[in-house]
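Student: Next comes the sequence, and after it the predicted model I'd like to discuss.
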Amino acid sequence: APDMGTNEKDIQIIHNNHSHKLGAEKHSRGGAGRPLENGGVPIDDWELTAHGLFSAAKALESMDEKLNLSGTKFVVQGFGNVGAPTAIKLQELGAVLVGASDLNVALWNPNGLDPYALNKVRKEHGGLTNYPLEVSKRFSPSKLDWLLEAPCDILIPSARPDAITARNADRIQCRYILQGANTPSSKPVEYYLHHHRNILSLTDFIGNAGGVIGCAVERNLIVDDSYAEKVKQVGLRNYVENLIDKTITKNVCETYSRMQNNSDTIFRDAAWELALERLDTQEKWL
């Protein structure tokens, strides 16, 4: 499926190659996340990973009485296909974006950045360096990671693995981490953050699974005609977005409840336990 440096067209090439090798157009060999016109579910165009992160944030708010997304200050590391739409969705609920970064610059403004203006320039040459509005601080490419340590309520690492490590765990100044990237931290770091810093980190394979869910739908559409007809009745995008919201909300709430029942358990442990149970029971969710 599409990830850093690839898009829907690249995945279509992979799918076509498998079709040629297998001698069949219909197969679940991969890839998934292809263009809509080819029968795919376009992960980035429909902002499905961000849709899932947003669902995770709302689910956490419903479970944690200390969190109110309206007025919450948040930072997005990696203002790209995941970070940008997540920021826009959170602002629409009244949250305030105080920090954002890409490969070129990290911007900080405690009074708020405009995610729409950032989104408009993020694909231009120079990316966020073209942001036209006021900022309090600009961090150069060699100091981008300083933004991770800026004070906020929610930190959303959406750029790369190992953004939060033992090197900076003591300087993280947030209450919640919403993992938009794949493995932006590790289990030992999350354990330390939870038990020594009182920082709750929502594990990536629960919170940012929107794109994966979209890919699962696409693969099932190819091989199951009755399922495809059911989805058609609802409308593909509506079906996928509703499924992402329902699934991630359910999983975040279930994981959070398990964690609360065991004081030594971190979010990742409870999520791992839930995942193993689902594999054992082969619960049908599509």
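Tutor: Looks like it came in fine.

Student: Contacts for the top helix by length along the chain, please.
Tutor: The longest helix of the chain (DSSP state H) is helix 236-260. Residues from elsewhere that reach helix 236-260, judged by CB atoms under 8 Å, 6 or more residues apart in numbering: 36, 41, 46, 48, 51-52, 55-56, 58-60, 62-64, 202-203, 206-207, 209-210, 213-214, 217, 231, 234, 265-267, 269-271, 273-274, 285-286. For the C-beta atoms, the positions are set from N, CA and C on the backbone; glycine is no exception.

Student: per-residue confidence averaged over it?
Tutor: Mean per-residue pLDDT for helix 236-260: 96.

Student: Report the buried members of the contacts of helix 236-260.
Tutor: 41, 46, 48, 51-52, 55-56, 58-60, 63, 202-203, 206-207, 209-210, 213-214, 217, 231, 265-267, 269-271, 273-274 (16 or more other CB atoms under 10 Å).

Student: So which of those sit within helices?
Tutor: 48, 51-52, 55-56, 58-60, 63, 206-207, 210, 213-214, 217, 231, 267, 269-271, 273-274.

Student: Just list the residues touching the nearest residue to residue 112 once chain neighbours are set aside, thanks.
Tutor: Spatial nearest neighbour of residue 112, excluding adjacent residues (CB to CB, 6 or more residues apart in numbering): residue 96 at 4.6 Å. Listed by CB under 8 Å, 6+ apart, the contact set of residue 96 reads 71, 72, 73, 74, 112.

Student: how close does the first one get to residue 173?
Tutor: For residue 71, the distance to residue 173 under the criterion CB to CB, to the nearest Å works out to 17 Å.

Student: of those two, who's got more company?
Tutor: More neighbours surround residue 173 than the other of residue 71 and residue 173, with 14 against 10 (other CB atoms under 10 Å).

Student: Can you verify my assumption that residue 210 contacts residue 41?
Tutor: No: if you go by CB atoms under 8 Å, residue 210 and residue 41 don't touch, sitting 10.7 Å apart.

Student: who's in contact with the nearest residue to residue 218 once chain neighbours are set aside?
Tutor: By the measure of CB to CB, 6+ apart, the closest residue to residue 218 outside its immediate chain neighbours is residue 41, 4.2 Å from it. Taking CB under 8 Å, 6+ apart as the criterion, residue 41 is in contact with 32, 33, 34, 48, 214, 215, 217, 218, 221, 236, 240.

Student: Now with 6 Å, please.
Tutor: Taking CB atoms under 6 Å, 6 or more residues apart in numbering as the contact definition, residue 41 lies against 214, 217, 218, 240.

Student: which two in the residues you listed are spaced the farthest apart?
Tutor: Within the contacts of residue 41, two members stand farthest from each other by CB to CB: 218 and 240, at 8.7 Å.

Student: circling back to that earlier point, just want the angle from the longest helix of the chain to helix 48-63.
Tutor: Between helix 236-260 and helix 48-63, the angle comes out at 40 degrees (axes from the mean of the first three to the mean of the last three CA atoms, to 10 degrees).

Student: can you pull out the helices in the stretch 1-150 of the chain?
Tutor: 8-22, 48-63, 83-92, 115-121 (DSSP state H, counting those that start in this stretch).

Student: returning to that earlier point: what comes up buried for the longest helix of the chain?
Tutor: 236, 239-241, 243-245, 247-249, 251-252, 254-256, 258-259.

Student: and residue 184, which of the three is it?
Tutor: Following DSSP: H, G, I helix; E, B strand; the rest coil, we place residue 184 in the coil state.
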